[in-house]
Each structure stands twice: as structure tokens, then as C-alpha cells.
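Colleague: Sequence isn't available, so here's the structure alone:
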């Protein structure tokens, strides 16, 4: 495939990723944020497939497949299951006003593009605008985690953040070694499982959200 | 900037918009009805409503001033004038100085303002409430729409919609950059707000808690109400036309009768797609509570701002 | 021989972890625990000997050099001490009801899985493996921190897992960026191997490496507990079971520093030594300054030790930031000294807390009267943490200070000294009020159990020894490791 077209497709997918990220940041219901993060992972899987086609790198096909099954299907399913299990009524509770969060999100996006625009040579190493989009996703994921007081929202933020890293890692010329990518995904799954267990455990013992506990101070 | 689009075609386009406006509303209502497993009224129903209203007498509140009577005409006139600026069957700038996308947004804002003034003038409680709500939301929608226009305009270097459509007609999705996608996303978020539909407004209700636009029309009757309704149909198709011109400019390229007919067909198709989108959104979402609307529009704002920022960087 | 050890050493804790799952007898579990730690220590000494005699070795994705050996030695010493300490601690915890007998095997399995991930972190040559193992330490230790199942513990565990996971996500991002820069230079032979990257490091694009290093610094810095990313540390270290606290403070946060050192070397080769050093100095000073007020106004004994860890990680970062042979040597020595001292402190604190059934500094009084040896050890640990000669921390702090003066970085030196003096006073005040005075009537007056004392005495001997003299063998490791870091 023509390298120009690949760059264009990666750019377009990057825009879609930013779109889903804004949906996550602005979501007023946790389930919508989960669907948004699932779609985000889907786009990343598509990006992996496109890059695999373009570069003929077989590893990328595997990575795209794993991303699809794990991050676009399994983990969102786990989160939705936890929601049903916990019977969440009050859902996303922002710490600061939504519009302020959204403004911060835009600032992060602009900042990341500005930052990577100042790096001329990076465009040879990483296709398209994968680097600024990756940075923007990572930072906005942290933003979601910092501004939400419910455990599941924080997990959504974490997944979005890692999606950003994955996107950049895929777009690095040659891609990351397969074994590393698989190890990273394995870690993500384990972390998600451990977190879900903790959330359910606290919910069942003290009937509170784990992220909302604040007895430890000073 | 002037081009070679003759006055005749501009007038024809304007008429097409006014004539097709109610049809779009009819189609959206029909799709909604079918999605809700109802038979629904025919797609020509808005026309029948208009004809019926034009034949009726006028009743006016005692508190209304003489200005109130002229409101419907003024609103319709400004909206139709805005319609002249949308390229329908042929792209490219008109042969005479007319106005650009900013002018279009200005005219729409003026129509909105006049509607609100009329509602306040009549002195009814619902009218005043509707007007105040509309004026709360308008400042959130209009700047964002402006940003989307600017973001696209920056890519082409002109705010003239004809030129925009012409330039972008040659490039299609593969040539889009991130900013275009974000602009389109912002536009899609804004469309329901600008056309007064769920999740921002509900065109089907006269429940006082939820009305925005409808509240402002309550005091109008007879031909006046007809004019107001026609104005909102026209406003809807003009907004859709604006979105189409900015993001789906493919189609209206050729000259001659075949070219014009082809342009008309593609235009109808694009409007139909957007109408289906609106109907789907209306059917799948509930109306937001008023204080949640700013957050919803905030998403559009953020997307538009990002689109603009990416274009500048 | 050494190559074989490279894959045997990580395997030992893994096999032990699996072995633990087969039985639920407490005594048997403790025996396996101690003997496995002893085997690990013996194998590591063997490896250290080999490496000391004939230089760095590598095997696939694993590699060991003198730098790694230092961290590995610290790990095995602490694991052995913690295993010995656990014997009596566990007995007491089961009696009180903090631990359930039927779930003990999972506890031990997790501890050894945790140790295994730390070993891999230290031995990893591949930066991707390094990251994966680092995240592995987070997951295993998060479960251990929340192991008691109190909601305090779970709260701390949640904060820990969320903050550090997101933190080292940044680390992964930095790794990816630096890898992108390296892949550009390496062409077809691109790999994530650290040693391969070091070979091409001078040719890397400085701009990309700079951004990458900042990400890595924030990422692994979170795991290391550097301010302002330290927020999880006092909670996690204070809520974890005592043996885990000792391991977290003693070795885990140092492993994150090891990762930072690896990246610092790449960054130094790519964009000059000044850039990474300045960043390290900023983070180091921030940590020392942030820790000071929390140490002074602390009510909770284990939180006090947690904040003290923040301070000492800051000092190590400062030493690396000052750089030069003296600064780097001092920083590496401080890694070992603080690891050993903090482990004693946590163990002594753990027994004191069990004795008084309170973590409140006001409630713990007159420890000397009820537990003379434990009180002495606690006092020694606090004195050493405060930087009193002849204990080992004094030596390494002095070296770091010397490096700062040598660099002419007067502002940093002044801040460091001021904070050290204030913290010195604070620690001595806290230690004095705990050790001396009249013990409350509620305090347990049982005689001191043997196994914790053995563990603490073992570490205390090392601590005092390192304060008086550095054996030639260790000195050789530190010298060569310093050379590795300086390139």
C-alpha cells in the first residue's frame, strides 16, 4: 500500500480516537464511556490491521487481533458486568465541572500536537500523527482518572490511556516486538481483573466506592 | 468574490430549499413514526398543515404590540434569505456579491432573535420562558457552528460557501485530515441543537417543562403561525444544507441542465442522509434536562475547538 | 555457569510460589519460604562471584552487570531477612486474626511471585520486559497490600494500583518513544534490548529522547515514589502487612530507580549528561522538601517510615543528579544502605505496633522497658535513617553531599542540608518518645520472639558493617557499577 495513504488512514483513525476520547471525557453515564472506550480499542485494532497490510508485518495482525478481542470486547464486557453486579445508581461524579474538564482535555490535545510539531524528525520514526494522538489520549486518560470519583470510571480512564500508548507503539516503524506487546496486554488484563475484584470486595463489605474512600490522610 | 453562478440559479436554489423544507420535516416524522412502530402521518403532512393554517384567521393576544404581527414575515424573510447563500444544485461563487457562511449564520441568528422578541412581545408566560431558554442555548450553539465553519474555511482559504463546496468537491474522505473528522463530529453533535430536535429540544411537545422553540410559537396563529412553521422548516433544511456544503460537497459540479439535475439529485440524497441521522438520534435518545444541555453542547464545542486548533497548528 | 544462573534465579521464586499452593500447613510453608530465600541468596552470591570475576553476562532477554548485581544482592538479603521475620510475625497474625490459616498459602505464593517479578525487573535487558515485570510487581504487591481485607488496606491498594499503573503507563510511553528513536537508527536490526540501544545511543535524535526520558522519569518516578508522584507511597507502605512494607520500601522502589538509571544512561549518551541530571535533581529536591513536614507532624508510625522513604529516594535521585564518580557511588551505596535500614525500621515498627496494638506515635511509649532488644534496634534504625554516624546512611549521604559541593551546586546542597537537619531532629524526637518513658499498662509484656530478632540483627550487622567499612568485594561492585553508569 502506498505510504501516503497509510499515513492518511492513520491520521483519520487518530481523529476518530480523539473523538471517542472526548466522548469519554464528556460522558455523563459510565456505560457510555465504556462503549466509547470499546470503540476506541476497535479503531486501534483497525489501525493495527491497516499497518499490518501496509508493512507486511505479520506480528501486527496478531496484535490487532488481540487488541480486538481483549480491549474492544473482553475488558468492556468485564466493566459492564461489574456495573450490573454493583447495581450502580449514581454514576459518573466529576470532581470539577464538566466544562472545565472538557477545556482541559482540549488544552491537552493542542499541547500534544504542539509538542510533536516541534519534533521534525519524529515523523520518520512514527507514522502519521500517531505520536500527538497517543500523547493526547494518554494525558486525557489521566485527566479522566483524576476527575472521576468512581472506581470504574477511573478504570475506563486507565484503558483509554493505555490505548494511546498502543496506538503510538503500533505506528512506530517496524512495530514493537510481538512478545512485548503480548506481555503488556497480559499485564493489562491482570490489572483489570485485580481492580475489579477490589472494587467488588469493597462494595460488598462497606458498600462504598473504593475510589471514594478517603480515610488515609496526612 | 464573484464567480459565474447566475442570479437565476441562486433564485431557483432558494425556491427549492423553501419548497423542500416541509418535506424534510415530513420525512423525519415518518421515519420516527416507523421506528416507533407507528404508521405515522404521510410525508406531505407538513404541507397540509401549512395550507390549512394559511386559510385560517388570526387571533392575537391583547398585550401584543403591532410589531408582533410583522414578526412571522420578518422571520420567514430572514430565513429564506439565508437559504440563498447555500449552494444546492451548483457549486462555485455566484456572479454577484452575495454573502458568505458568516452571513448565513448571522441571518439565522437574526431569525432566532426575532422569534424570541416576538415571543416576549406577546407577553405570554410560556413564550417568555421559551425565549429565555432559547437565548440560553443559542450562545452555546452559534459560536461552535462558527468555529466549525472557520475550521473548514481555513483549509480552503475562503468563507464563501460556494467556493468551499467547489474546492472540497474534489477531495474526499481519504484526503481528509484529523481536523475534518473532528469538525464533522462537532457538526453532528450540533445539528440536533440547531434544528431544534432531541436531545436539546423536542419539536413534538407542548409540555411546558420541555418546550424551547415550540414555546415561542404558542402565541402565533393562522397565517402568522404558518409563516413561523415554514421558517423553521426552511431553517432546518438550510442548516442541513450548510453541513452538506461543508462536509459532503461532492455532487453539484456540472453546468447545463443535466449537471443541474444531477446536482439536485445528490443534494436531495445528502439531505436525506442527514434527515435519517436526525430521525435516528431523535428515536434513540431522550431529551436532556435543560441544565445538562450545556454539557452536551460542550462536547461539540470541544470538538470544534480541537478541529480549529489542529487546523492552525 | 553464570548463564545458567541467569534463568535459574528467576525460576526459583516462581517454583517456590507454585510449591506453596500445594500445602496449607503454616510451619511447612514457613520452612519452604525460608529455605527458598536462602537458596536464592546462595545462587545470587554465586552469580555475584562469577560476574565479579569475569564481567557482565547475558542470556536472551536477561543480562546481568555489576549494577544489577548490587540490586540483586540487596533483594536476596532483604528476602531472606523478611522470610525469617515472617515466621513469628505470621504466627502472631494468625493468633490475632489478621490472617486466615486457610489462605496463608496464597499469601506466600503471592510474596514469591512478587519476588520473581522483582528479580526479572533487575535482570531484564529488554526494556519491554523491564516494563512488563515492573507492572507485574504492581499487580502482585497491590494484592498483598490489600491482603488483610480491611477497607483501609483496600483503599491504599486501590490508590497504589491506580496511581502506579497510570504512572508506569507513562513509562511505557517513554520506552516506546525512545524505541522509536532507536529503531530509526538501527534499521532492520531494531530491538528493545538496552545494551543494543546503548550502542547506538549517541546517534539517537536528542529531541525525541528528551521527551521520552521525561515520560520515563514521570513513569518510573511514580513507582519509585518521587514527589510529586509519591501520593500512593505513604498509604501503601503503611497499610501493607509488615513484611511487605519492608520489601516495598527496601527494594521495590529501588528497582524503579534502577530503571531510571538505565534510561538516564541512554539519555545522557543521546543528549548530554546535563539534561537527565537536572531532571533528577529537581525530582530529588522536591521529594526531600515534600517529605519534611509530613515526617515532623506525623501520628502514624508506619506512615512516618513511608514518608522517610520518599525523602531517601529523593536523596538517591539527588546523588544520581549530582553525578560524577562520587555522587553515583554514593547514590548506589545509599540504595543498599537505605534498603537495609528501612527494612529493619519496618520490622521493628511492626513488632512494636503488635505489642502496643496501636500505630499511633503517641500511644507507643517506653518500648525499652517492655522489649529492650527490639527498642534498641528501632532506635538504631531511626538513628541511621536520620543520618547519624557510624551507621551506613551517614557515609552515603556524606558522599552525595560531597558530590554536590564538588559540582558547586550550592542551592541544592543548602536545601538538602537544611532538610536533612530538620528531619534529623524530627526523627530523633519521634524515636525518643517511642523508646523511652513509662509504658502504658495495656502494652503486652511478653518476651520477645526469636525469629524477628534474628532477621533484624542480621540486617543490623550489615548496616553497621557498611557504616564502618566497605568490604573489598562490595567496593569492587560499586566501583564497576559506577563506571557502568558513567559510561
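Modeller: Perfect, thanks for sending it. Just so you know, these numbers come straight off a predicted model, no measurement behind them.
Colleague: How about the backbone phi and psi for the nearest residue to residue B:12 once chain neighbours are set aside?
Modeller: Closest residue in space to residue B:12, ignoring its immediate chain neighbours: residue B:89 at 7.2 Å, by CB to CB, 6 or more residues apart in numbering or on different chains. C-beta here means a position set from N, CA and C on the backbone, and glycine is covered the same way. Backbone torsions of residue B:89, given as degrees, to the nearest 10, read phi -100, psi -20.
Colleague: Those residues of chain A touching chain B, which are they?
Modeller: A:5, A:8-9, A:11-12, A:14-16, A:18-19, A:22-23, A:25-26, A:28, A:98-99, A:102-103, A:105-106, A:109-110, A:113-114, A:117, A:129, A:133 (CB under 8 Å from any CB of the partner chain).
Colleague: Return the subset of the residues you listed lying in helices.
Modeller: Among the residues of chain A next to chain B, the ones falling in helices (DSSP state H) are A:5, A:8-9, A:11-12, A:14-16, A:18-19, A:22-23, A:25-26, A:98-99, A:102-103, A:105-106, A:109-110, A:113-114, A:117, A:133.
Colleague: Residue C:143 is in what secondary structure piece?
Modeller: helix C:127-145 (DSSP states H and E).
Colleague: which residues in the chain form strands?
Modeller: Let's take chain A. Counting by DSSP state E, chain A has no strands at all.
Colleague: my bad, the chain I had in mind was chain C
Modeller: C:57-59, C:62-64.
Colleague: Among those, show the one with the smallest mean pLDDT.
Modeller: With a mean of 87, strand C:57-59 has the lowest mean pLDDT of those.
Colleague: Given that strand, what are its sheet partners and their directions?
Modeller: strand C:62-64 (antiparallel) (DSSP bridges).
Colleague: Contacts for the partner strand next, please.
Modeller: C:2, C:6-7, C:10, C:47, C:51, C:56-58, C:72, C:123-125, C:194-195 (CB atoms under 8 Å, 6 or more residues apart in numbering or on different chains).
Colleague: where's stretch B:216-236 relative to the chain centroid, distance-wise?
Modeller: Offset of stretch B:216-236 from its chain centre (CA atoms, centre = their mean, to the nearest Å): 14 Å.
Colleague: What degree of burial does residue A:62 show, as a neighbour count?
Modeller: 15 (other CB atoms under 10 Å in any protein chain shown).
Colleague: Equivalent analysis for residue A:189, please.
Modeller: Around residue A:189 there are 15 residues (other CB under 10 Å).
Colleague: before we move on, back to that, rounded mean pLDDT for the helix holding residue C:143, please.
Modeller: On average, helix C:127-145 scores 93.
Colleague: Next: stretch A:4-23.
Modeller: Rounded mean pLDDT across stretch A:4-23 is 85.
Colleague: Run the chain-centre distance for stretch A:102-114.
Modeller: So, by CA atoms, centre = their mean, the centroid of stretch A:102-114 is 16 Å from its chain's centroid.
Colleague: Buried ones in stretch C:444-460, by neighbour count?
Modeller: Neighbour-count burial for stretch C:444-460 flags C:449, C:451-453, C:455-456, C:458-460 (criterion: 16 or more other CB atoms under 10 Å in any protein chain shown).
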